[in-house]
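Visitor: Provided below for reference: sequence and predicted model.
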2 protein chains.
Amino acid sequence: MDATLTYRKATRADLRAIIFLLLQDELGKTRENLAAEIDQRYIDAFEKINTDPNQYLMVAELDRSVVGSCHLTIMPSLTFTGSTRMQIEAVRIHESYRRQKLGEQMLHEVIRYGKSQGASIIQLTTNKKRVEALKFYQRVGFESTHEGMKLYLD
Amino acid sequence: MDATLTYRKATRADLRAIIFLLLQDELGKTRENLAAEIDQRYIDAFEKINTDPNQYLMVAELDRSVVGSCHLTIMPSLTFTGSTRMQIEAVRIHESYRRQKLGEQMLHEVIRYGKSQGASIIQLTTNKKRVEALKFYQRVGFESTHEGMKLYLD
């Protein structure tokens, strides 16, 4: 039987564990940092997320240990006759727990949460370098109908 | 000399003009509606957007007439060491004013706004059916590094 994750909103005490998950990523390891003292920019970003009712930073736990995380944003929208969208960012599973279907479990919880918030479209982008991630999201039901475009500012 | 657009935050009085722009779109015409009485779902969505400091519904005008619109969402983020992202949705130019570089003008204003809000990543998705739109965003500086994935809920 598969292990069952539990889910909750992240607290300030989870920040180090979440940054650790971001760092474990093949792309993230070049753009994140985790020192004995947490970079103030992470703390500031966490506070903005934590105090905004449209943001939900989710952690997934096994035996009270954080093994996964993702960041959800509810976005009101005029299109599709005034629909609500939910954007998913920063989906991560601890490297020791991959290939055990925990990501699928977490994504099903994400979809359940989106429905509870009235979302009719759930959306995400995944870097084209992440070949496995694309297949993963397709298994969960996402379709890659769009180009995901980015502009990085200095 | 090119005509110069002016920009401002949309008000409730602009809602009919904005829905009209959404309807003029080849994909939008199948999913929007504009009756003598505006669908209450549009009004509800407008109010959510209008009262959320992270949402900016922009209209672009020529001689005080709305000829373009887009919807910007500021998203705090832990990734990239606590970066701020800005999402662009629903970019539209009135069909009578296309192919006159007004879209480029509006997008440059969008980028300026993103910088003023501290965004370091500006992102959007565009339907793969929109071949011209892809080229348009590339001209403005966006790169299609990601797959844009959607899950439509019932």
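Guide: Ah, there it is.
Visitor: SS state for residue A:148?
Guide: Put simply, residue A:148 is strand when judged by DSSP: H, G, I helix; E, B strand; the rest coil.
Visitor: what's the distance between it and residue B:143?
Guide: 10 Å (CB to CB, to the nearest Å). For every residue, glycine as well, the C-beta is placed using N, CA and C.
Visitor: more crowded one of the two?
Guide: Between residue A:148 and residue B:143, counted using other CB atoms under 10 Å in any protein chain shown, residue A:148 has the larger neighbour count: 23 against 13.
Visitor: name whatever forms a beta bridge with that one.
Guide: Assessed by DSSP bridges, residue A:148 has beta-bridge partners residue B:125, residue B:146.
Visitor: does residue A:70 touch residue A:106 like I think?
Guide: Yes - look at residue A:70 against residue A:106 with CB atoms under 8 Å: they come within range, at 6.6 Å.
Visitor: which neighbours do these two share?
Guide: Residues touching both residue A:70 and residue A:106 by CB atoms under 8 Å, 6 or more residues apart in numbering or on different chains: A:58, A:91.
Visitor: between those two, who's got more neighbours?
Guide: Using other CB under 10 Å as the criterion, residue A:70 and residue A:106 rank with residue A:70 on top: 26 against 23.
Visitor: confidence score at that one?
Guide: The model reports residue A:70 with a pLDDT of 98.
Visitor: and it, which of the three is it?
Guide: strand.
Visitor: can you tell me how far it is from residue A:103?
Guide: Taking CB to CB, one finds residue A:70 at 9 Å from residue A:103.
Visitor: who touches both of these two?
Guide: Joint contacts of residue A:70 and residue A:103 (CB under 8 Å, 6+ apart) are residue A:91.
Visitor: can you tell me which helix in chain A is longest?
Guide: helix A:102-116 (DSSP state H).
Visitor: does chain B sit close to that one?
Guide: Yes - using CB under 8 Å from any CB of the partner chain, we find that helix A:102-116 touches chain B at A:111, A:114, A:115.
Visitor: dump these into a markdown table; add neighbour count as well.
Guide: Shown next, in a markdown table, are those (neighbours: other CB atoms under 10 Å in any protein chain shown):
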| residue | neighbour count |
| --- | --- |
| A:111 | 19 |
| A:114 | 24 |
| A:115 | 14 |
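Visitor: quick check, nearest of these to residue B:49?
Guide: Residue B:49 has its nearest neighbour among these in residue A:114, at 18.4 Å by CB to CB.
Visitor: so which helix or strand takes in the residue nearest to the closest one when sequence neighbours are not counted?
Guide: Take residue A:114 and drop its neighbours on the chain: the residue closest to it by CB to CB, 6 or more residues apart in numbering or on different chains is residue A:86, 4.2 Å away. Element membership for residue A:86, per DSSP states H and E: strand A:84-93.
Visitor: got the angle between that strand and strand B:84-93?
Guide: 140 degrees (axes from the mean of the first three to the mean of the last three CA atoms, to 10 degrees).
Visitor: what strands line up against strand A:84-93, and which way round?
Guide: strand A:65-76 (antiparallel), strand A:121-127 (parallel).
Visitor: next, the angle helix A:102-116 makes with it.
Guide: 160 degrees.
Visitor: now strand A:84-93 - C-alpha only, CSV.
Guide: What follows is strand A:84-93, C-alpha atoms only, in CSV (Å, rounded to 0.1, in the frame of the first residue of the first chain):
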residue,chain,number,x,y,z
THR,A,84,-11.4,31.7,-11.6
ARG,A,85,-8.0,30.3,-12.4
MET,A,86,-5.4,28.6,-10.2
GLN,A,87,-1.7,28.8,-11.0
ILE,A,88,0.7,26.2,-9.7
GLU,A,89,4.3,27.0,-9.2
ALA,A,90,7.3,25.3,-7.5
VAL,A,91,6.1,21.7,-7.3
ARG,A,92,8.7,19.7,-5.5
ILE,A,93,9.1,16.3,-3.9
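Visitor: per-residue confidence at the residue in chain A sticking out farthest from the centre?
Guide: Distance from the centre of chain A peaks at residue A:81, with 26.8 Å (CA atoms, centre = their mean). As predicted, residue A:81 sits at a pLDDT of 94.
Visitor: now do the contacts for it.
Guide: B:31, B:32, B:33, B:39, B:41, B:42.
Visitor: just say helix, strand or coil for it.
Guide: helix.
Visitor: what's the spacing between it and residue B:72?
Guide: For residue A:81 relative to residue B:72 (CB to CB), the value is 20 Å.
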